[in-house]
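Trainee: Structure here, sequence nowhere to be found:
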């Protein structure tokens, strides 16, 4: 009897979905609960901004900065927090608990998606478990950030977008529209997805060969639903700022910063270096100056733009250390612990990405049907990465992508089994190659 067919093995692989969900829930509650009980870093930078402005909104004071209405940072996450604060009162802990709930929902939806995609509950469990064991995504729960809410809405949107292709009639249309609406709500928190409908059109028309006109209709419906989700923020901005601002006004600032640095934050108070200072507190003008400066830079420095773009995309993926900064460093942890956690987070991240890459390789080589079903997820991964060709990038901005990469983790299993079952063939091929290589080298020296 093979190891795969033993009673113990069968019981493991046939574990009921309810038990798998229970294990995921318990593990996530324990990991995240332990973090919240032991880690209490001060909220700084934009995390402090979110708390302060959500508190003001909860008190009916509006969304203001420097004494006037603002849209510098997207209003989505402060608005969500303000609703919570109206119930609980202004409380950092309440926001952290809400983010923890969002994180657990991400894990459960990831499990459900992969389970339905493959028809194998254990595969869904492995995908969700791999994501759960990524240290940084647990550590971010100690910070009052917008990543969890954005990632949850994004994941739900892509799940619905994937399922919509397998539907017909009104159900197909309504599911696609709901997917677009959810990604619009996500854009209210972080506006990065706003150009994704164009990518979706090219994906379906060019890669999936669904026809240019039908693909355009689907992309247009998706875009219209997305704009419906964004519209309340746009209307609010028009009323409060007296300008058309789709979501936020910090895009030009970020583009300018991308011309000055690749993998970090840049700001200068020298007007000879920083043209944005000329705008003063006028964020509309600041955004315009930043955009004009960036586009002029692209035209006059094309080679630097291209090289810098690839460096930025590399910086997006190179390590996993930013969560340690806002948790362990801000909590004044000893240096040895900070360095240890930086390495620990990065090594675990590298291992998970290596396994995900192996799973994606298996799909490309042996499961083109599954690759096609996951094309929307893959398209968004590529789209999101390419956005950072122009914006400064570091690992915090990769947070929303990690549940998407976790989808590919279970598919590394069949690749490992295939490599193991063909190990004798691989060994013989390697021996033959080495024998031929050394034989040629020996003849050359004679």
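Mentor: The structure has been received and is ready for your questions. Remember, it's a predicted structure, so these values are computed and weren't measured experimentally.
Trainee: in the helix or strand containing residue 307, what counts as buried?
Mentor: According to DSSP states H and E, residue 307 maps onto helix 302-317. Buried residues in helix 302-317, defined by neighbour count with 16 or more other C-beta atoms under 10 Å: 305, 308, 309, 311, 312, 313, 315, 316, 317. Heads up, the C-betas are built off the backbone N, CA and C, glycines and all.
Trainee: Which residue ranges of the stretch 201-350 of the chain form strands?
Mentor: Per DSSP state E, counting those that start in this stretch, the stretch 201-350 of the chain carries no strands over any range.
Trainee: Return the residues in contact with the residue nearest to the spatial centre of the chain.
Mentor: Closest residue to the average C-alpha location of the chain: residue 400 at 1.7 Å, with C-alpha atoms, centre = their mean. Counting by C-beta atoms under 8 Å, 6 or more residues apart in numbering, residue 400 touches 147, 150, 151, 154, 190, 384.
Trainee: now with 10 Å?
Mentor: By C-beta atoms under 10 Å, 6 or more residues apart in numbering, residue 400 lies in contact with 106, 147-148, 150-155, 186, 190, 192-193, 380, 384.
Trainee: out of those residues, who's nearest residue 280?
Mentor: Using C-beta to C-beta, residue 190 comes nearest to residue 280 of the contacts of residue 400, at 26.3 Å.
Trainee: Give me the neighbour count for the nearest residue to the closest one once chain neighbours are set aside.
Mentor: Excluding the flanking residues, the one nearest residue 190 by C-beta to C-beta, 6 or more residues apart in numbering is residue 150, at 4.8 Å. The number of residues packed near residue 150 is 24, by other C-beta atoms under 10 Å.
Trainee: Does residue 150 touch residue 140 like I think?
Mentor: No - in terms of C-beta atoms under 10 Å, residue 150 does not count as a neighbour of residue 140; the distance is 11.7 Å.
Trainee: which residues are common contacts for these two?
Mentor: residue 399.
Trainee: Show the pLDDT at the residue nearest to the centre of the chain.
Mentor: With respect to pLDDT, residue 400 has a value of 96.
Trainee: So it versus residue 257, what's the distance?
Mentor: Taking C-beta to C-beta, to the nearest Å as the measure, residue 400 and residue 257 are separated by 20 Å.
Trainee: and if you look at residue 363?
Mentor: Using C-beta to C-beta, which is the criterion applied here, residue 363 is 36 Å from residue 257.
Trainee: and residue 145, what is it in contact with?
Mentor: Contacts of residue 145 (C-beta under 10 Å, 6+ apart): 43, 45-47, 50, 77, 95-96, 99, 323, 326, 396, 399.
Trainee: Let me know the next secondary structure element after the least confident helix or strand in the chain by mean pLDDT.
Mentor: When each helix and strand of the chain is scored by mean pLDDT, DSSP states H and E, helix 7-13 comes last, with a mean of 58. Downstream of helix 7-13, the first helix or strand assigned by DSSP H and E is helix 17-38.
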